[in-house]
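Enquirer: next come a sequence and a model predicted from it.
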Amino acid sequence: MSKPLIAVTGKNGQLGWELQQLHASYSTAFDFIFTDREEIDLYRPETILSFFQKYQPQYFINCAAYTAVDKAETEQEKALKINAEAVGIIAAACTKINCTLITISTDYVFDGNGKKPYAADEKTNPLNYYGYSKWLGEKLALENCPQSIIIRTSWVYSVHGNNFVKTMLRLMKERNEIKVVNDQTGSPTAAADLVAAILQIIEQLSRGNKKYGIYQYSNKGIISWYDFAVAIRSISGLTCNVLPVPSTEYPTPAKRPFNSAMDTHKIAQDFYVELIDWQTSVETCIKKLAAA
Ligand SMILES: NC(=O)c1ccc[n+]([C@@H]2O[C@H](COP(=O)([O-])OP(=O)(O)OC[C@H]3O[C@@H](n4cnc5c(N)ncnc54)[C@H](OP(=O)(O)O)[C@@H]3O)[C@@H](O)[C@H]2O)c1
């Protein structure tokens, strides 16, 4: 008997790449197909439809997105097509063939004025266009595919791709002193941990634990970008001076929420997903980078 097929977009992004690293552990139960924009270009809906016609997957993991947060303020049409309209088209295509959609969203759907970690059903109010496009993507997924799971995540890093951990390591080697904002707080997420959670969820779904809707996943712990930088310095044994500064010292085209921490209990409860301390995962990533 053939195995259920899991299709993945954005195979060269942080999440897509980590999924490629992990997928062999699930290959007795599932087949996988990893795509880049040559095969599925979210800016060209016809490529989505022809993919579904050709492969008819049972699970579709959308790791691709327009992720340039500041550029999205000026490239609004592009961000909207990739992060929202394409997700709606994928969702409708999934519904037609009874495929489950897992698509990734962001902590930037919240305005960050709350003082506690945001629950999945709390009021959204994105401050920037990237956040708005992702919020609309969530809505279109849910409207077009009842078998959708949306996973909001935050502050993603990996040994692969561009991210805060790698930027900090580079800057700390190049400079004697760096400034990092200390008034934006949230939770880092190792892409490797998030993909393990996604595959755990698919395994659960395939065993009949069929739950859908909005979920949130990050590593455990709430910190500022400054705290994150200090931890990266300490784990890597670098000596660069790290200075805390307010966001006003770093004006960016896109506004960022001050508090973007999310409550992740629901994903742990519903799918038995393990929540891992942020320090443990940052250490693992930095060790892998040092060994590479
Ligand atoms: N990074 C974060 O801190 C963060 C935080 C919260 C949520 N998220 C969400 O998490 C998910 C994964 O993010 P990530 O960090 O893995 O992103 P990433 O490293 O920037 O990767 C994005 C991927 O999307 C692909 N892509 C962009 N435009 C495309 C298009 N038109 N058609 C097909 N593929 C396209 C890119 O392809 P190329 O390689 O060809 O450019 C790349 O493979 C996204 O949904 C993102 O919004 C990320």
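Expert: In hand now; what should we look at?

Enquirer: I'd say residue 106 and residue 131 touch.
Expert: Yes - with contact defined as C-beta atoms under 8 Å, residue 106 counts as touching residue 131 (6.4 Å). Using the backbone N, CA and C atoms, a C-beta is placed for each residue, glycine as well.

Enquirer: might you report the residue contacts of the residue lying closest to residue 120 once chain neighbours are set aside?
Expert: With sequence-adjacent residues excluded and distances taken as C-beta to C-beta, 6 or more residues apart in numbering, residue 120 is closest to residue 214, at 4.6 Å. Applying C-beta atoms under 8 Å, 6 or more residues apart in numbering to residue 214 gives the contacts 105, 120-121, 138, 142, 150, 152.

Enquirer: for residue 106, see how far away whichever residue of the chain sits closest to the ligand is.
Expert: Residue nearest to the ligand within the chain: residue 13 (2.2 Å; C-beta to the nearest ligand atom). Distance, residue 13 to residue 106, by C-beta to C-beta, to the nearest Å: 14 Å.

Enquirer: the two - which one has more neighbours?
Expert: Set residue 13 next to residue 106 and count neighbours by other C-beta atoms under 10 Å: residue 106 wins out with 26 against 23.

Enquirer: list the buried residues of stretch 36-52.
Expert: Across stretch 36-52, burial judged by 16 or more other C-beta atoms under 10 Å covers 37, 39-42, 45, 47-49, 51-52.

Enquirer: who touches it?
Expert: So stretch 36-52 is contacted by 7, 9-12, 35, 64-66, 78, 81-82, 85-86, 89-90, 93-94, 96-97, 99 (C-beta under 8 Å, 6+ apart).

Enquirer: so which of the contacts of residue 214 are in helices?
Expert: If you go by DSSP state H, the contacts of residue 214 have 138, 142 in helices.

Enquirer: would CSV of the contacts of residue 214 with neighbour count, distance to the ligand and pLDDT be doable?
Expert: CSV is the format used below for the contacts of residue 214 (neighbours: other C-beta atoms under 10 Å; distance: C-beta to the nearest ligand atom, whole Å; pLDDT from 0 to 100):
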residue, neighbour count, distance to the ligand, pLDDT
105, 24, 7, 98
120, 17, 14, 96
121, 10, 18, 96
138, 21, 11, 98
142, 20, 16, 98
150, 24, 10, 98
152, 26, 7, 98
